[in-house]
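Engineer: give the three-dimensional model of this entry:
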Amino acid sequence: MEWVELIVHTTTEGSDEVSSLLMDGGAAGTMIEDRADIPDPNKPHGIWEIIDPKLLENMPEDVLVHAWLEPDERLPVRLEQFRLQLEKLKASTDGFGSLSMDCQSVNDEQWKDVWKKYYKPFYACDHLAIKPTWEAFSPAPGDRVIEIDPGMAFGSGTHETTGMCMSLLYEVIHGGESVIDVGTGSGILAIGAALFGASRVLAIDIDPDAVRVAAQNVAHNKVGQTVTVQQGDLLKQTDAVCDICVANIISDIIIMFAGALRDHIVENGLFICSGIVRERGPEVREALLKAGYTIRKEVQRGEWLAFLSER
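Structural biologist: So this is what the prediction gives:
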């Protein structure tokens, strides 16, 4: 049987919580790889006297939590949920390391081969389809298509939060608007904004790997003249201003930077945000109102919320 192995980089302090998070999310089992669990072979005692001194040398510096998932039709959604949960955990807790996530097939098949079985064309919102590069697809007249090779944890568009953000972008882009996509991930929202008619899109992410994947997807979809992909922190490394800002991240970050983000949105401009679990909705709403936004719309899909607000 084939399995998809997730590997989360953390610390000794964070390993148990990460393991529980993965098990609660449907992992069939977990294993923690921690060099702290291996006694120093230079100080032998009991059975550890026979340990190979090279074992510690070859172990990773990070604590690795391994988890195994069945590669079924739920896999894409589960991976995006894990990504969001790990981002939330990192934002709320110090000392748990990078909490970055790698994926691989346990029988050494390429990751893309797993996706080819379960990642099929779908509509992210009205008149916009997302399809993997290897699938044939015939859009209806007037429909737009984003073609993408999923990049592990960077976002495939299947998550409810992505769909809500895309639907709101489709609703508010009428042509010629400038857009900033904060935490762009795979670049899906930035590409969608360009296809909807935005004149200028800045896709920004602090993760260099996400920036690499987003740039590849932007180029593949031939929207490079409209979309600029940049690595960095929007609030520290650019003075760009937009008509519409979209951020599909996590509640804590939205709450933290809602006020400062106003400087990057024109007067009467719009802020679309998601990645918000339903229980955190009241906190995010309060933060938006406190920062001076007018909430124009609240959308819910499953356990997730999105807000459309006006500066």
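Engineer: the strands in the stretch 201-311 of the chain, which residues?
Structural biologist: Along the stretch 201-311 of the chain, the stretches classed as strands by DSSP state E, counting those that start in this stretch are 227-231, 242-248, 265-277, 294-301, 304-310.
Engineer: what are the contacting residues of the longest one?
Structural biologist: So the one you mean is strand 265-277. Strand 265-277 is contacted by residues 84, 87, 161-162, 164-165, 168-169, 172, 241-251, 254, 258, 261, 284, 288, 293, 296, 303-311 when judged by CB atoms under 8 Å, 6 or more residues apart in numbering. For every residue, glycine as well, the C-beta is placed using N, CA and C.
Engineer: state the number of residues packed around residue 91.
Structural biologist: Neighbour count for residue 91, taken as other CB atoms under 10 Å: 15.
Engineer: for the host helix or strand of it, buried residues please.
Structural biologist: Per DSSP states H and E, residue 91 falls inside helix 75-92. By 16 or more other CB atoms under 10 Å, the buried positions in helix 75-92 come out as 75-76, 78-90.
Engineer: same question, stretch 282-289
Structural biologist: Buried-residue list, stretch 282-289, by 16+ other CB under 10 Å: 284, 285, 287, 288.
Engineer: related to what we said a few turns ago, now the helix holding residue 91: how far from the chain's centre is it?
Structural biologist: Distance of helix 75-92 from its chain centroid, counting by CA atoms, centre = their mean, to the nearest Å, is 7 Å.
Engineer: C-terminal to it, what's the next element?
Structural biologist: Note on helix 75-92: by DSSP H and E, the next helix or strand toward the C-terminus is strand 101-105.
Engineer: quick one: buried residues of that next one?
Structural biologist: Applying 16+ other CB under 10 Å to strand 101-105 flags 101, 103, 104, 105 as buried.
Engineer: and what of stretch 248-257?
Structural biologist: Result for stretch 248-257 [16+ other CB under 10 Å]: buried residues 248, 249, 250, 251, 252, 253, 254, 255, 257.
Engineer: can you list these in CSV and add pLDDT?
Structural biologist: CSV is the format used below for the buried residues of stretch 248-257 (pLDDT from 0 to 100):
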residue, pLDDT
248, 91
249, 86
250, 82
251, 87
252, 86
253, 88
254, 93
255, 93
257, 91
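Engineer: among those residues, which lie within helices?
Structural biologist: When DSSP state H is applied, the buried residues of stretch 248-257 are split such that 251, 252, 253, 254, 255, 257 fall in helices.
Engineer: between these, which is closest to residue 217?
Structural biologist: Using CB to CB, residue 253 comes nearest to residue 217 of these, at 22.7 Å.
Engineer: for that closest one, which non-adjacent residue is spatially closest?
Structural biologist: Of all residues not flanking residue 253 in the chain, residue 91 sits nearest, at 5.7 Å (CB to CB, 6 or more residues apart in numbering).
Engineer: can you pull the pLDDT of that neighbour?
Structural biologist: pLDDT, residue 91: 88.
Engineer: I'd like the next helix or strand past the helix or strand of the chain with the lowest mean pLDDT.
Structural biologist: Every helix and strand of the chain was ranked by mean pLDDT, DSSP states H and E. The lowest is helix 54-58, at a mean of 48. Reading on from helix 54-58 to the C-terminus, the next helix or strand found by DSSP H and E is strand 63-69.
Engineer: can I get that next one in PDB, CA atoms only?
Structural biologist: These are the backbone C-alpha positions of strand 63-69, laid out as PDB (Å, rounded to 0.1, in the frame of the first residue of the first chain):
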ATOM      1  CA  VAL A  63      13.500  17.400  15.600                       C
ATOM      2  CA  LEU A  64      11.500  15.700  12.900                       C
ATOM      3  CA  VAL A  65       7.900  14.500  13.400                       C
ATOM      4  CA  HIS A  66       7.100  11.900  10.700                       C
ATOM      5  CA  ALA A  67       3.400  11.100  10.000                       C
ATOM      6  CA  TRP A  68       1.800   8.800   7.400                       C
ATOM      7  CA  LEU A  69      -1.400   9.500   5.500                       C
END
